[in-house]
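Asks: What shape does this take:
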Amino acid sequence: MARPRIEFWYEFASSYSYLSVMRIEPLAEAAGVDLDWRPFLLGPVFLALGWNDSPFNIYPPKGRYMWRDLDRLADKYGLPFRVPSRFPRDGLLAARVALLGADPGWIAPFSREVMRANFADDREIGEPTVVAEILSGLGLPAGELLAAALVEDNKIALRRQTEQATVHGMFGAPSFRVGEELFWGNDRLEDALDWATRGVPAGRLDLPDASRAERPPPDR
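Replies: Below is the predicted model of the structure:
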């Protein structure tokens, strides 16, 4: 019998994705769940929602809360953490490189090292020298992979993966898909794993069409 699977959608610039990237593999293995790592870009998703920046920057109180929350959670999970001196950082190159590691199997350790560089070491993960150092540290051919990441077919593959995130109804990262069921946020990681292992059927609710939804009164 095939093991249950989860699609793990994450962004290298996403603060809460950092927590999930660092936690998900041992949790999934303990639950007997296979992972499909799906790096994507939040920028196009946010633009489609009318945002030209991270909502944590657009709404300063939300941003202040997020950094304090991340500090608490990193301490809870025993993860190193430092508020990046620039947020969000450019995760484009790292995402393109990560795609190359999906089939060979090094996408998970590469993703963890990129996240560590961004959210623990405060390094510029958009710089080729930083990405090359990470690849070399994993024993991978940095020059060859950086060149392959910039091949047009690979660029298109990341673009299509990002478009798929929107098709699947994603609006943030990290997100987890179990079949057609969507879970959003680091705090839903365990819920997604539980759903996958229980095999709960999706689509039990007839959700309203958001475009026709009645507007709530001002005090709701």
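Asks: what sits up against the host helix or strand of residue 115?
Replies: Assigned by DSSP states H and E, residue 115 belongs to helix 107-119. Helix 107-119 is contacted from outside by 10, 12-13, 15, 17-18, 21-22, 25, 35, 37, 39, 70, 80-82, 84, 89, 91, 94, 97-99, 101, 123, 125, 130-131, 134-135, 137-138, 140, using C-beta atoms under 8 Å, 6 or more residues apart in numbering. The C-beta positions use only the backbone N, C-alpha and C, and glycine is treated the same way.
Asks: Report how many residues lie close to residue 25.
Replies: Residues lying near residue 25 (other C-beta atoms under 10 Å) number 16.
Asks: Which residues are in contact with it?
Replies: 35, 108.
Asks: Next, the angle from the helix or strand containing residue 29 to helix 107-119.
Replies: Element membership for residue 29 (DSSP H and E) is helix 15-31. Computed by axes from the mean of the first three to the mean of the last three C-alpha atoms, to 10 degrees, the angle separating helix 15-31 from helix 107-119 equals 150 degrees.
Asks: List the buried residues for helix 15-31?
Replies: 15-25, 28, 31 (16 or more other C-beta atoms under 10 Å).
Asks: Specify the next element, helix or strand, located C-terminal of that helix.
Replies: strand 34-39.
Asks: what comes up buried for that following strand?
Replies: 35, 37-39.
Asks: just stretch 112-131 next, same as before
Replies: 112-120, 123, 125-126, 130-131.
Asks: Show the average pLDDT along it.
Replies: For stretch 112-131, the mean pLDDT works out to 98.
Asks: again with stretch 18-26
Replies: Computed over stretch 18-26, the average pLDDT equals 98.
Asks: Give me the helices and strands touching the host helix or strand of residue 66, please.
Replies: Per DSSP H and E: residue 66 is located in helix 60-77. Helices and strands touching helix 60-77, by 3 or more C-beta pairs under 8 Å, 6 or more residues apart in numbering; DSSP states H and E, are helix 15-31, helix 55-58.
Asks: How about the shortest one, which residues are buried there?
Replies: Across helix 55-58, burial judged by 16+ other C-beta under 10 Å covers residue 56.
Asks: That one packs against which elements?
Replies: Using 3+ C-beta pairs under 8 Å, 6+ apart: helix 55-58 touches helix 60-77.
Asks: and for the helix it packs on, what are the contacting residues?
Replies: Residues contacting helix 60-77 (C-beta under 8 Å, 6+ apart): 15-16, 18-19, 22-23, 54-57, 80-81, 83, 119, 186.
Asks: just stretch 180-190 next, same as before
Replies: By C-beta under 8 Å, 6+ apart, stretch 180-190 touches 16-17, 19-20, 23-24, 27, 73, 168-172, 174-177, 191-192, 195, 200, 202-203.
Asks: No further questions, thank you.
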